[in-house]
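*Asks:* missing the sequence, but the structure's below:
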């Protein structure tokens, strides 16, 4: 019965995300794609190279494992299992992908992040989540909601958003994204954990923090 439940959840997410796909793909499917004149050095395209359709097999459109919980024993208490074009090659050019998100009890967090190439629609199947997103400058409005099993919430493309488990038990959600490779930028990690590090003077002024606090935060990532 639980297997049927997962199938219904995933099917609903894919159907909705597919309706969004035409609005965004084909769009950039990676962070950048630098043009070159010498085709012999051209090893990337916007997306993936295509297999001859005559050579396609059922496994090109298949993935197994979303019924398995992710390991949440980490600093933020969450785990994202991604099913995009890297896991299902048949998703190439279709503008759709899927994730399972597991949250540890009492505070598991999918920290503030953005998807630069896709809108996300999330449905809770277990537990209670506090979720939200923030609009762009200059309003920076915060939209939040407490979600219970069966509840659905949409995070518009490119906006910072999060999910936080406020329940005493674990939580599970599934999300569809309107890109075969929506990308993810985790705000804290990107700002304080870049490689090489951002000059602390920049972050000190941007966040109005003591420089020692900035260097400590950089050491955490």
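*Replies:* It's in. Bear in mind the structure is a predicted one, so any value in this text is a computation, not a measurement.
*Asks:* who touches stretch 186-199?
*Replies:* Stretch 186-199 is contacted from outside by 111-114, 160, 203, 214, 217-218, 220-221, using C-beta atoms under 8 Å, 6 or more residues apart in numbering. Placement of C-beta: from N, CA and C, glycine included.
*Asks:* Could you check it and say which residues are buried?
*Replies:* Within stretch 186-199, the residues that count as buried by 16 or more other C-beta atoms under 10 Å are 191-192, 197.
*Asks:* Next, check the residues you listed against the helices and list the overlap.
*Replies:* Judged by DSSP state H, helices contain the following of these: 191-192.
*Asks:* As TSV, the buried residues of stretch 186-199 with distance to residue 182 and pLDDT would be great.
*Replies:* Shown next, in TSV, are the buried residues of stretch 186-199 (distance: C-beta to C-beta, whole Å; pLDDT from 0 to 100):
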residue	distance to residue 182	pLDDT
191	20	98
192	23	98
197	26	97
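*Asks:* Can you give me every residue that contacts the most centrally placed residue in the chain?
*Replies:* For the chain, the residue sitting closest to the mean C-alpha position, by C-alpha atoms, centre = their mean, is residue 184 at 5.0 Å. If you count contacts by C-beta under 8 Å, 6+ apart, residue 184 has them with 113-115.
*Asks:* Now name the helix or strand holding the closest residue in space to residue 65 that isn't next to it in sequence.
*Replies:* Spatial nearest neighbour of residue 65, excluding adjacent residues (C-beta to C-beta, 6 or more residues apart in numbering): residue 81 at 7.2 Å. Using DSSP states H and E, the element containing residue 81 is strand 78-83.
*Asks:* which secondary structure elements does that strand contact?
*Replies:* Under the contact criterion of 3 or more C-beta pairs under 8 Å, 6 or more residues apart in numbering; DSSP states H and E, strand 78-83 touches strand 97-103, strand 109-114.
*Asks:* where does residue 202 land in three-state SS?
*Replies:* Recorded secondary structure, residue 202: helix (DSSP: H, G, I helix; E, B strand; the rest coil).
*Asks:* Now for it, how many residues are close by?
*Replies:* 12 (other C-beta atoms under 10 Å).
*Asks:* Same check on residue 166?
*Replies:* Neighbourhood size, residue 166 [other C-beta under 10 Å]: 15.
*Asks:* give the contact list for it.
*Replies:* With the criterion set at C-beta under 8 Å, 6+ apart, residue 166 makes contact with 107, 128-130, 146.
*Asks:* on that earlier part again, residues in contact with the strand holding residue 81: which ones?
*Replies:* Contact partners of strand 78-83, identified using C-beta under 8 Å, 6+ apart, comprise 63, 65-66, 68-72, 97-104, 108-111, 163, 165.
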